[in-house]
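Engineer: What follows is a predicted protein model with its sequence.
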Amino acid sequence: MNDGFRIVESQFVKSAVQPSDYPQQALAEIAFVGKSNVGKSSLINTILARKAIAKTSSTPGKTQLINFFNIRYKLDESQQGYFSIVDLPGYGYAKVSKKQRDSWKVMIESYFDKRTELQGVILILDSRHSLDSKDQIMHQMLIAKQIPHLIVATKADKLNQKNLMRNLKSLTMDLNMPTSKIVPFSAPNKTGVKEVIMWIQRQVFY
């Protein structure tokens, strides 16, 4: 692995609903998925060192399409390349219609099944809350489809260290995985940024 891996530029490409809308490009893709209002847009913006490439909102459920971003990276001053980040619709928001929630589920699952460029998924959980059934279903879907994935627990700055460790332990028990496999993340403090970028690098290159 090259320690000089850096994300240097990001650009919105397009939004899509179904496979025929996806960008026609042969770039490795890393998708981000999580419940509405879990901090997905803040995570993407922090990773890319951009203020608002992924739109944040006080209204959960704002991301209603699949949004594609092309990312330029450098390994050193002479080596560079591209991959894509994909922002999937937030799931589980109760105040939208069941029809809308179902359409998001179909959109996400179709992307998982049809997009051959997909190299990994970052599943985002809120470190302050217990795992719920929708998160469990998403995790089990990733396992069943054999999609490489990373669990990121956002808003870690909202908890003291003792409570954060307790909540991470609870999440790992519910997910049946080691605590070390969950990355605590804080956008304001930049906690977890290095770990997430290193995981993305592994998926893009290997």
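Structural biologist: Structure received.

Engineer: Which SSE is immediately downstream of the longest strand anywhere in the chain?
Structural biologist: Taking residue count as the measure and DSSP state E as the definition, the longest strand of the chain comes out as strand 6-16. Next in sequence after strand 6-16, counting helices and strands by DSSP states H and E, comes strand 29-34.

Engineer: next one: the following helix or strand past that following strand to chain centre, how far?
Structural biologist: The helix or strand immediately downstream of strand 29-34 is helix 40-48, counting by DSSP H and E. The gap between the average C-alpha position of helix 40-48 and the chain average comes to 9 Å, counting by CA atoms, centre = their mean, to the nearest Å.

Engineer: Also compute the angle for helix 40-48 relative to strand 6-16, please.
Structural biologist: Direction vectors for helix 40-48 and strand 6-16, defined by axes from the mean of the first three to the mean of the last three CA atoms, to 10 degrees, enclose an angle of 140 degrees.

Engineer: so for the longest strand of the chain, what's the average pLDDT?
Structural biologist: Averaged across strand 6-16, the pLDDT comes to 92.

Engineer: Against which helices or strands is that strand packed?
Structural biologist: Applying 3 or more CB pairs under 8 Å, 6 or more residues apart in numbering; DSSP states H and E, one finds that strand 6-16 contacts helix 40-48, strand 66-74, strand 80-87. For every residue, glycine as well, the C-beta is placed using N, CA and C.

Engineer: let's see 7 Å
Structural biologist: When contacts are defined as 3 or more CB pairs under 7 Å, 6 or more residues apart in numbering; DSSP states H and E, strand 6-16 sits against strand 66-74.

Engineer: What is the strand it packs on packed up against?
Structural biologist: Identification of packing neighbours for strand 66-74 by 3+ CB pairs under 7 Å, 6+ apart yields strand 6-16, strand 80-87.

Engineer: Name the surrounding residues that touch the longest one.
Structural biologist: In this case it means strand 6-16. Applying CB atoms under 7 Å, 6 or more residues apart in numbering, the external contacts of strand 6-16 come out as 22-23, 48-50, 53, 65-74, 197.

Engineer: So in that sheet, which strands flank it, and in what orientation?
Structural biologist: Paired with strand 6-16 in the same sheet, following DSSP bridges, are strand 66-74 (antiparallel).

Engineer: Go through the partner strand and flag the buried ones.
Structural biologist: Taking 16 or more other CB atoms under 10 Å as the basis for neighbour counts, the residues of strand 66-74 that come out buried are Ile66, Asn67, Phe68, Phe69, Asn70, Ile71, Tyr73, Lys74.

Engineer: swap in stretch 152-160?
Structural biologist: Of the residues in stretch 152-160, those scored as buried under the neighbour-count criterion (16+ other CB under 10 Å) are Val152, Ala153, Thr154, Lys155, Ala156, Asp157, Leu159.
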